[in-house]
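**Q** Okay, sequence plus prediction incoming.
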Amino acid sequence: MKILADIHTHTVASGHAYSTLDENLRYAAEIGLEMMAMTDHAPALRNTTSATYFANLGILPETLHGVRLLKGVELNIINPSGEIDLPVEFLEKMDIALASLHIPTFPPATRAENTSAYLKAMENPLVDIIGHPGDPRYDVDYKEVFRVAKETGTLLEFNNASLVPGGFRQGGDAIILEIMKMAMEDGIPVVVGSDAHFYTSIGNVSYVETMMKSIGFPEELVLNTNPELLLASLKRRKCK
Ligand SMILES: [Zn+2]
Ligand SMILES: [Zn+2]
């Protein structure tokens, strides 16, 4: 599978990542990516950057080192009502927004509450992608998540970092595989993301790819193989 776009990467601004935007884009160019989204952690997560950082993304170039830059964010879903941690007026100006559950900003709750957090976040037209579903620390009704993802046009991310042995979210393989099979059966497009916190991980989705191969997941459903289609499939674009 030839990945041409990475939709989930972090820079030093995230507080626990180690490369600059320039280093990330240089490497993206080197490995042949056409598009890369910068998606630093939103302000509710401790030690990440401030809201002002996201308000100023407009000063960044559209393209650097030949790679199209999508200016984005990885939002935190902070409660079962699906609230996220940046104001609408900031989000509207961005190219892409992922929303994820993280332990410090949403401690695992009941199955109903965890599921509700995802469902309500997906109703937000400015949430394009649910980041790393399948975290085994959250009990979630993924059939419901999948149904509402389809209904709202929210994309689900297959996150490489979630499958790295010894990683924070390890142990979710079976759940991730189940979500992958649902997408395959219904022919629903998905995205893959490296969730790189250091430049050498950019574009690396090898664990996701291995899982996809194991079930014969159709490449054409992976939007990262077609950056223009990926862009057109983002909810914020489709809503306009
Ligand atoms: Zn992170
Ligand atoms: Zn995350």
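**A** Thanks, I have the structure now. Ligands and ions are numbered 1, 2, ... in the order given.
**Q** Contacts only, for A55.
**A** Residues in contact with A55 (Cβ atoms under 8 Å, 6 or more residues apart in numbering) are F90. The C-beta positions use only the backbone N, C-alpha and C, and glycine is treated the same way.
**Q** Relative to S14, how far out is it?
**A** With distances defined as Cβ to Cβ, to the nearest Å, the gap from A55 to S14 amounts to 17 Å.
**Q** swap in H65?
**A** When Cβ to Cβ is applied, the distance between H65 and S14 equals 21 Å.
**Q** neighbour count winner among the two?
**A** Between H65 and S14, S14 has the larger neighbour count (other Cβ atoms under 10 Å), namely 20 against 15.
**Q** what about that one, distance to A42?
**A** Taking Cβ to Cβ, one finds S14 at 10 Å from A42.
**Q** and for the two, which residues touch both?
**A** Between them, S14 and A42 have T48 as joint contacts when contacts are counted by Cβ under 8 Å, 6+ apart.
**Q** Excluding covalently adjacent residues, which one is nearest to whatever residue of the chain ends up closest to ligand 2?
**A** Scanning the chain for the residue nearest ligand 2 gives S100, at 4.1 Å (criterion: Cβ to the ion). The spatially closest residue to S100, leaving aside those adjacent along the chain, is G131, at 3.4 Å (Cβ to Cβ, 6 or more residues apart in numbering).
**Q** Read off the pLDDT value for the one you found.
**A** Here, the pLDDT recorded for G131 equals 98.
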